[in-house]
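**Q** Build the 3D model from these lines:
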Amino acid sequence: MHLYGADHHLLILSDTIDAEVHQHSFLQVTLSLQSDFEMEIEGNTVRCAGIVIDSHVNHRLNGDGQPLLLLLIDSTSNLARSFKKLINGSNYYQFPKDRLENTALFVQSHYLNIEDSDSYHHFLVQFLDQLGTKYLQPETIDPRIAQFIDHLKNCNEHEHSVDSYASQVHLSSSRLSHLFKQNTGISLSGYIVLHKLQKAIYLIFNGQSITDAALAAGFDSPSHLAATSKRLLGMAAKDIRKDSSFLKVSCLL
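**A** Okay, the predicted model is just below:
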């Protein structure tokens, strides 16, 4: 399994993704790197090679042990906007199978070249182009938002209070949330959820127990981390370390 944690999304390459019926606030892109898979959406079963599911839509993935690419995107981000155009008001969009053959080959032949944020960004741009979507890089211009992002990237705290962050940059909580969305195209709440999950994954990969990683990342308990991981990644936190790699990358600043 390979996990890439960015500011507004998580990208996972794995053959162990499987999930019960659930929904979440993220837009989800699932692509097969081998053969068709089954996705249950609002009680209806769809068999396909690739699909985009809108946020807050009940779904269940049957990975069946095959290699898949899973992309979880903050539904308020500019990146999600390109996929929402494909969905066009529906619950999901199914990619034409002929388009995905070259995309799967591209992913399999290029993901091992990802070593840092620059190479990941290059991979992401080409990957999205293969899917017929585009990534618009937001330009962060407010120095207070830049300060906040830099602080969160390097934070060592287990508390992630918006009030506390806002006071550090001399803003109200509502103003920080508004400026963050205005400058980055991402909701502050979605950004913090991804940050906490990525921080927990990073700590687990660096040898901490799930309990210690969960509390250090700001989750209420190990079970809270487990539920979040299962809901978003389709796997329990205890399974993400097995034969896996994790790279934290940035598409902001």
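**Q** On the secondary structure side, give me the element for Tyr93.
**A** Assignment of secondary structure by DSSP states H and E places Tyr93 within strand 92-94.
**Q** Please apply the same query to Gln28.
**A** strand 26-32.
**Q** May I have the secondary structure class of the nearest residue to Val169 once chain neighbours are set aside?
**A** Excluding its sequence neighbours, the residue lying closest to Val169 (C-beta to C-beta, 6 or more residues apart in numbering) is Arg144, at 4.2 Å. C-beta: built from backbone N, CA, C; applies to glycine. State at Arg144, reduced to three classes by DSSP: H, G, I helix; E, B strand; the rest coil: helix.
**Q** Hmm, Arg144 is touching Leu171, no?
**A** Yes. Here Arg144 reaches Leu171: they are 6.3 Å apart, a contact under C-beta atoms under 8 Å.
**Q** returning to that earlier point: just list what the strand holding Gln28 packs against, helices and strands only.
**A** Secondary-structure packing of strand 26-32 (3 or more C-beta pairs under 8 Å, 6 or more residues apart in numbering; DSSP states H and E): strand 50-53, strand 68-74, helix 78-87, helix 97-110.
**Q** Kindly export the last one (C-alpha atoms) in CSV.
**A** This file holds the C-alpha atoms of helix 97-110, laid out as CSV (Å, rounded to 0.1, in the frame of the first residue of the first chain):
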residue,chain,number,x,y,z
LYS,A,97,-13.7,2.3,-19.5
ASP,A,98,-11.6,3.0,-22.6
ARG,A,99,-10.3,6.2,-21.0
LEU,A,100,-9.1,4.4,-17.9
GLU,A,101,-6.9,1.8,-19.6
ASN,A,102,-4.2,4.4,-20.3
THR,A,103,-4.8,6.0,-16.9
ALA,A,104,-4.1,2.7,-15.1
LEU,A,105,-1.0,2.1,-17.1
PHE,A,106,0.2,5.7,-16.3
VAL,A,107,-0.3,5.2,-12.6
GLN,A,108,1.4,1.8,-12.5
SER,A,109,4.4,3.1,-14.4
HIS,A,110,4.9,6.5,-12.6
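**Q** contacting residues around it?
**A** Under the contact criterion C-beta atoms under 8 Å, 6 or more residues apart in numbering, helix 97-110 has outside partners 13, 31-34, 36, 48-50, 69, 123, 126-127, 130-132.
**Q** So for that helix, what gets flagged as buried?
**A** Across helix 97-110, burial judged by 16 or more other C-beta atoms under 10 Å covers Leu100, Thr103, Ala104, Phe106, Val107.
**Q** Perfect, that will be all.
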